[in-house]
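Asker: what's the 3D shape of this:
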Amino acid sequence: MTEAGRVLLVTTIAGDEEMPARMGSASYSYSYVHRAFAPLLQRWGNVVESVRPGDRIDDLARQQPSPLIHLAFLPLDMFHGTKHAPNVAFPFWDFPDLPAVALGGDPRNNWAAIANELDLILTSSEFTRDAFIRSGVRTPVCVVPVPIRSAYFEVPRFNPDQRVVIDCKCYVLKPAQPRMSRRSPAKEVYRRFLAPRLSRRSADTLGAAAHAFATVRGEWREAAAVEEDVRESLDLTGVVYTTVLNPFDQRKNWPDLLTAYLLALADCDDATLVIKVAVPPDRAAAGVNRIVSFYRRLDLAHACRLVLVSEYLSDAQMAELARGTTYYLNSSRAEGACLPLQDFLAAGRPAIAPRHSAIADYFSADAGFVVESHPEPTSWPQDPQGRCTTTWHRLVWPSLRDAIRESYAVAKSNRVRYEALAANARASMMERCASEAVWPRLESALDSVGHAL
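Answerer: Now for the predicted structure:
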């Protein structure tokens with residue numbers, strides 16, 4: 001196949017105009033990945049795009065005048081191949097192995113079988129490649145990281161004195177006023193007299209127990225009063241932590257994130273946690289309410305700020321959010337990529353995150369603060385019976401809390417270390433995910449299929 005005759009038939013889940021409405025759905029990130037790759041795909045050959053072709057894929061393939069490759073940015077359970085071209089898929093996967101049976105009686109949930117029908121698999125991480133190989137998939141698998149938009153590499157260095165204002169609706173949560181003025185007497189006695197006499201292990205045990213108690217006690221306790229300040233703009237100053245998550249996704253483990261932040265920085269009135277709620281517009285209110293309800297049950301006094309943003313943010317607004325951020329915060333149990341974490345690292349914002357699943361491919365202590373975690377049994381999301389047939393990771397909660405505390409101290413009083421972490425974060429993403437770093441991998445992978453035509 002000559003270069004002039006190269007054709008890619010690209011299928012994906014949604015077009016650009018549909019992306020806000022699909023935010024937070026099980027496969028919404030595939031549209032972002034397709035868009036990130038689009039300039040490189042056009043460099044390789046002529047691109048014909050189709051959204052959710054399903055069984056029409058054969059008709060679409062026959063309409064093309066030249067030999068072609070079919071490339072799908074879709075989870076494998078949504079993949080439809082064609083008999084008229086080599087089939088290439090770009091899946092994400094969060095777990096160390098694949099289902100090799102028809103979960104729930106649906107053969108489309110047998111990822112291993114579908115993978116073996118492909119001509120080539122592209123994936124963004126070594127972790128996912130290894131999961132396919134470990135599961136006995138014979139199809140070649142090439143690792144091609146998702147390109148990061150140049151706008152993130154161009155975000156200015158974090159300035160402790162900066163103020164960034166983003167035009168978007170947000171919710172500022174805080175306890176009712178009478179509880180914010182001072183610590184409770186019991187907490188004050190613990191802080192001043194008991195805590196200094198405890199070993200590190202004992203203090204961690206008590207802290208974790210307090211976290212667990214705060215998490216579950218809302219099952220029987222009446223919710224505490226909360227002041228909910230609705231604002232029309234997001235005003236970022238001080239030490240800002242940002243996370244992007246779907247509150248309905250158990251993998252995101254956001255209760256640990258929220259309690260660790262509130263208990264680590266309770267007295268720090270210049271600290272802010274921004275939770276960008278990634279859900280479709282029709283679920284935005286429910287997503288916010290889910291977090292607010294949990295927050296009410298905690299009944300924790302704190303001076304640090306907690307802000308929720310549920311509306312869709314444009315590419316420019318997300319880059320501004322990165323500019324206003326000091327650290328990206330991730331507490332997931334499993335990740336197939338975590339594209340927001342990669343974007344913020346590229347912006348020179350260090351992270352607090354575990355090193356497991358796909359995150360371990362690109363994040364280390366050189367670029368932030370690593371949270372301890374350990375494997376534990378869980379089920380594949382597609383399994384309606386919820387059997388413990390795979391694993392994800394349980395975070396060590398005191399490690400998460402301590403990493404947040406340490407990161408705050410570094411941002412406030414160790415500028416040299418912060419700048420080193422920020423520079424390493426950006427450099428590692430530049431080496432791995434800049435377009436010119438990704439291009440040779442993509443070209444080589446597609447060529448390996450194209451040369452056979």
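Asker: Please make it C-alpha for all contacts and neighbour counts, starting now.
Answerer: OK.
Asker: Ramachandran coordinates for Val146?
Answerer: Main-chain dihedrals, Val146, degrees, to the nearest 10: phi -70, psi 130.
Asker: Where does pLDDT dip in the stretch 1-150 of the chain?
Answerer: For the stretch 1-150 of the chain, the stretches flagged by pLDDT under 70 are 1-4, 14-26, 52-55.
Asker: That one: helices as residue ranges?
Answerer: Taking DSSP state H, counting those that start in this stretch as the test, the helices found in the stretch 1-150 of the chain are 19-22, 29-44, 57-62, 111-116, 126-134, 150-153.
Asker: I'd like these written out as a markdown table, with distance to Pro247 and mean neighbour count added.
Answerer: Converted to a markdown table, the helices of the stretch 1-150 of the chain look like this (distance: least, CA to CA, whole Å; neighbours: other CA atoms under 10 Å):
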| stretch | distance to Pro247 | mean neighbour count |
| --- | --- | --- |
| helix 19-22 | 15 | 18 |
| helix 29-44 | 16 | 18 |
| helix 57-62 | 34 | 16 |
| helix 111-116 | 26 | 21 |
| helix 126-134 | 24 | 20 |
| helix 150-153 | 25 | 18 |
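Asker: Include distance to Tyr327 when you put those into CSV, please.
Answerer: Converted to CSV, the helices of the stretch 1-150 of the chain look like this (distance: least, CA to CA, whole Å):
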stretch, distance to Tyr327
helix 19-22, 25
helix 29-44, 22
helix 57-62, 43
helix 111-116, 35
helix 126-134, 24
helix 150-153, 14
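Asker: closest to Asn330 out of those helices?
Answerer: Asn330 sits nearest to helix 29-44 of all those, at 16.9 Å, using CA to CA.
Asker: and that closest one, C-alpha only, in PDB?
Answerer: Provided in PDB are the C-alpha atoms of helix 29-44 (Å, rounded to 0.1, in the frame of the first residue of the first chain):
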ATOM      1  CA  SER A  29     -12.900   8.800  27.300                       C
ATOM      2  CA  TYR A  30     -12.500   7.000  23.900                       C
ATOM      3  CA  SER A  31     -13.800  10.100  22.100                       C
ATOM      4  CA  TYR A  32     -11.100  12.200  23.800                       C
ATOM      5  CA  VAL A  33      -8.500   9.700  22.800                       C
ATOM      6  CA  HIS A  34      -9.700   9.600  19.200                       C
ATOM      7  CA  ARG A  35      -9.500  13.400  19.100                       C
ATOM      8  CA  ALA A  36      -6.000  13.400  20.600                       C
ATOM      9  CA  PHE A  37      -4.800  11.000  17.900                       C
ATOM     10  CA  ALA A  38      -6.600  12.700  15.000                       C
ATOM     11  CA  PRO A  39      -3.700  14.900  13.800                       C
ATOM     12  CA  LEU A  40      -1.300  11.900  13.800                       C
ATOM     13  CA  LEU A  41      -3.800   9.700  12.100                       C
ATOM     14  CA  GLN A  42      -4.200  12.300   9.300                       C
ATOM     15  CA  ARG A  43      -0.400  12.400   9.000                       C
ATOM     16  CA  TRP A  44      -0.400   8.600   8.400                       C
END
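Asker: per-residue confidence at Ser184?
Answerer: pLDDT for Ser184: 50.
Asker: out of the helices of the stretch 1-150 of the chain, nearest to Val396?
Answerer: Going by CA to CA, the one of the helices of the stretch 1-150 of the chain nearest Val396 is helix 126-134, 21.4 Å.
Asker: quick one: which of the helices of the stretch 1-150 of the chain is nearest Gly336?
Answerer: Short answer: helix 126-134, nearest of the helices of the stretch 1-150 of the chain by CA to CA, at 7.2 Å.
Asker: Can you give the distance of that closest one from its chain's centre?
Answerer: Centroid separation for helix 126-134 versus its chain: 19 Å, with CA atoms, centre = their mean, to the nearest Å.
Asker: How about stretch 242-257?
Answerer: 9 Å.
Asker: and it, how far apart are its ends?
Answerer: 11 Å (CA to CA, to the nearest Å).
Asker: quick one: buried residues of the longest helix along the chain?
Answerer: Criterion DSSP state H: the longest helix present in the chain is helix 415-433. By neighbour count with 16 or more other CA atoms under 10 Å, helix 415-433 contains the buried residues 418-419, 421-430, 432-433.
Asker: could you redo those residues as JSON lines and give each row distance to Asp366 and pLDDT?
Answerer: JSON lines is the format used below for the buried residues of helix 415-433 (distance: CA to CA, whole Å; pLDDT from 0 to 100):
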{"residue": "Tyr418", "distance to Asp366": "10", "pLDDT": "98"}
{"residue": "Glu419", "distance to Asp366": "11", "pLDDT": "98"}
{"residue": "Leu421", "distance to Asp366": "6", "pLDDT": "98"}
{"residue": "Ala422", "distance to Asp366": "9", "pLDDT": "98"}
{"residue": "Ala423", "distance to Asp366": "9", "pLDDT": "98"}
{"residue": "Asn424", "distance to Asp366": "6", "pLDDT": "98"}
{"residue": "Ala425", "distance to Asp366": "7", "pLDDT": "98"}
{"residue": "Arg426", "distance to Asp366": "11", "pLDDT": "98"}
{"residue": "Ala427", "distance to Asp366": "11", "pLDDT": "98"}
{"residue": "Ser428", "distance to Asp366": "9", "pLDDT": "98"}
{"residue": "Met429", "distance to Asp366": "12", "pLDDT": "98"}
{"residue": "Met430", "distance to Asp366": "15", "pLDDT": "98"}
{"residue": "Arg432", "distance to Asp366": "15", "pLDDT": "98"}
{"residue": "Cys433", "distance to Asp366": "17", "pLDDT": "98"}
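Asker: can I get these in a markdown table with distance to His374?
Answerer: Formatted as a markdown table, the buried residues of helix 415-433 follow (distance: CA to CA, whole Å):
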| residue | distance to His374 |
| --- | --- |
| Tyr418 | 27 |
| Glu419 | 30 |
| Leu421 | 25 |
| Ala422 | 27 |
| Ala423 | 29 |
| Asn424 | 26 |
| Ala425 | 24 |
| Arg426 | 27 |
| Ala427 | 28 |
| Ser428 | 25 |
| Met429 | 26 |
| Met430 | 29 |
| Arg432 | 26 |
| Cys433 | 27 |
